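# Fold the following, please.
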Amino acid sequence: MKRLSLALAALIGLAAPVPALADEPPALVTVLTAPEPQTQLMAMVLSMQARQQGAAVHVLLCGPAGDMALKDAPEGVTAGQPPKGMSPQGLMTRLMAAGATVEVCAIYLPGKGAGPEVLLDGIGLAKPPAMAARLLAEDNRILSF
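Residues are numbered from 1 along each chain as shown. As a prediction, the model looks like this:
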């Protein structure tokens, strides 16, 4: 009788509704610090591919990669790269237009002695508690360059 009760309880447990995790798109957090334009571009290519495949994409730019977010960005991030002549900044803006969120590290602008007015429209300043939560979220994937 005990075995029958345990078996029945197990079956009921299997029949319980499963949270709708499958309804939510996967999420990708791209953390980019690399100074090389080719590496920056590859990070944007992979992030764009993930976005096109349905992932929610959040990009965090720190250190030299933060320059991609500047209105007056250095030539390295605005110049086209082989093989398709795309620039890291250009693909980043296309990624944003596709629905990705882009932020610079909280210490990037103070380190430059600048305010948010130097950033391209739509780029924000990351808040450490929110970014830490994204990095720790069980279902998020992290891509770091």
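
# While we're on the residue nearest to residue 25 when sequence neighbours are not counted, how confident is the model there?
Closest residue in space to residue 25, ignoring its immediate chain neighbours: residue 54 at 4.8 Å, by CB to CB, 6 or more residues apart in numbering. Placement of C-beta: from N, CA and C, glycine included. The predicted local distance difference test score for residue 54 is 95.

# Backbone dihedrals for residue 54, please?
phi 100, psi 0 (degrees, to the nearest 10).

# The one 3 residues further on now?
Backbone geometry at residue 57, expressed as degrees, to the nearest 10, gives phi -120, psi 130.

# Quick check: chain neighbours aside, which residue is closest to it?
Nearest non-adjacent residue to residue 57, counting by CB to CB, 6+ apart: residue 100, 3.9 Å away.

# who's in contact with that neighbour?
Contacts for residue 100 (CB atoms under 8 Å, 6 or more residues apart in numbering) come out as 47, 51, 57-59.

# Tell me how far it lies from residue 110.
The spacing between residue 100 and residue 110, counted by CB to CB, to the nearest Å, is 24 Å.

# ditto for residue 74
Look at residue 74 and residue 110: by CB to CB, they are 19 Å apart.

# tell me, how many neighbours does residue 130 end up with?
The burial metric for residue 130, expressed as a neighbour count using other CB atoms under 10 Å, is 11.

# actually residue 66, not the one I typed
With other CB under 10 Å as criterion, residue 66 counts 24.

# so it, which of the three states?
helix (DSSP: H, G, I helix; E, B strand; the rest coil).

# could you list every residue that touches the nearest residue to it once chain neighbours are set aside?
Using CB to CB, 6+ apart and skipping residues adjacent in sequence, the residue nearest residue 66 is residue 108, 4.2 Å away. With contact set as CB under 8 Å, 6+ apart, residue 108 has these partners: 61-63, 66, 69, 125.

# follow-up on the earlier one: measure the residue nearest to residue 25 to residue 118 for me?
Taking CB to CB, one finds residue 54 at 33 Å from residue 118.

# More neighbours: the two, which one.
residue 118 (16 against 8).

# any idea which helix or strand carries residue 44?
Here residue 44, judged by DSSP states H and E, is contained in helix 37-52.
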